[in-house]
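Chemist: here are the coordinates; sequence isn't available:
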């Protein structure tokens, strides 16, 4: 089998979309028992944390660089140490990992505000489906907060039991709103993923939520689509475009002309919604989000 310093053939080069690096071995390595992963990779002045995921489906080592971080995937029983181990593999790809991390950071849009969120108090305004709605907080006897949306009236009601501490009450309202928005985002995201999957003829293996600070959505090599929960606050067409974009990656993993042709086939008006997404990003980047 090749050593960690071995250069794989050109067909195994990292892909441009997901930044995966496959490392093939012709024989099965010696198993190891419960060996903890190396938590950081030092490359010059950069210290890059990474996590290890053991996969029953994997047949090789690979490194995945996402906005959320660096993940090393290894088959069950793969050794941690030694010339063919996970640690040696990661160290041998240090320069590549550093470049991929920087490239991902440079290419992905900022999805988080630069200023702290506005207080979640009675009378505050928040966005839902791209429109401002008023937050109404009512004190009730129930132990858990309850959220009810009246979109026609432009109001969202949060009923909760006040505890007498303003900061704790505000945090409880915020938590209730986040929980509600996450539920709404997952419902809409799965609905659109199913619709566009039918159009494409390929289905996502799962649709999950993310809180990544630098990306609205992603599609993994395994077909898992991840969507930022704040998309519930975006105009519906913008949210729908993000889903269509990620579903298109089930067929084309890069951003080539063929990819954009696939997006257009799925969503003919995608260019309008893509422009709207950029405008919404700029508006949201100013901060003051509720919740």
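Modeler: Thanks, I have it. Treat the numbers as computed from the prediction; the structure is a model and nothing was measured.

Chemist: show me where the protein has strands.
Modeler: Along the chain, the stretches classed as strands by DSSP state E are 20-23, 40-43, 46-55, 61-66, 69-75, 125-128, 131-139, 146-150, 155-160, 206-210, 217-219, 224-228.

Chemist: would you mind putting those strands into CSV with mean neighbour count alongside?
Modeler: C-beta: built from backbone N, CA, C; applies to glycine. Converted to CSV, those look like this (neighbours: other CB atoms under 10 Å):
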stretch, mean neighbour count
strand 20-23, 19
strand 40-43, 15
strand 46-55, 14
strand 61-66, 22
strand 69-75, 19
strand 125-128, 17
strand 131-139, 15
strand 146-150, 14
strand 155-160, 18
strand 206-210, 18
strand 217-219, 22
strand 224-228, 23
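
Chemist: if you average pLDDT over each of these, which is lowest?
Modeler: Note on the strands of the chain: lowest mean pLDDT is at strand 20-23, with a mean of 36.

Chemist: helices along the stretch 101-250 of the chain, start to end?
Modeler: Using DSSP state H, counting those that start in this stretch, the helices of the stretch 101-250 of the chain run over 166-200, 236-248.

Chemist: make a markdown table out of these and add mean neighbour count, distance to residue 56 and mean pLDDT.
Modeler: Formatted as a markdown table, those follow (neighbours: other CB atoms under 10 Å; distance: least, CB to CB, whole Å; pLDDT from 0 to 100):
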| stretch | mean neighbour count | distance to residue 56 | mean pLDDT |
| --- | --- | --- | --- |
| helix 166-200 | 17 | 25 | 91 |
| helix 236-248 | 25 | 25 | 96 |
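
Chemist: adding distance to residue 160, write those out as CSV.
Modeler: CSV is the format used below for the helices of the stretch 101-250 of the chain (distance: least, CB to CB, whole Å):
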stretch, distance to residue 160
helix 166-200, 6
helix 236-248, 28
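
Chemist: which of those sits closest to residue 211?
Modeler: helix 166-200 (9.1 Å; CB to CB).
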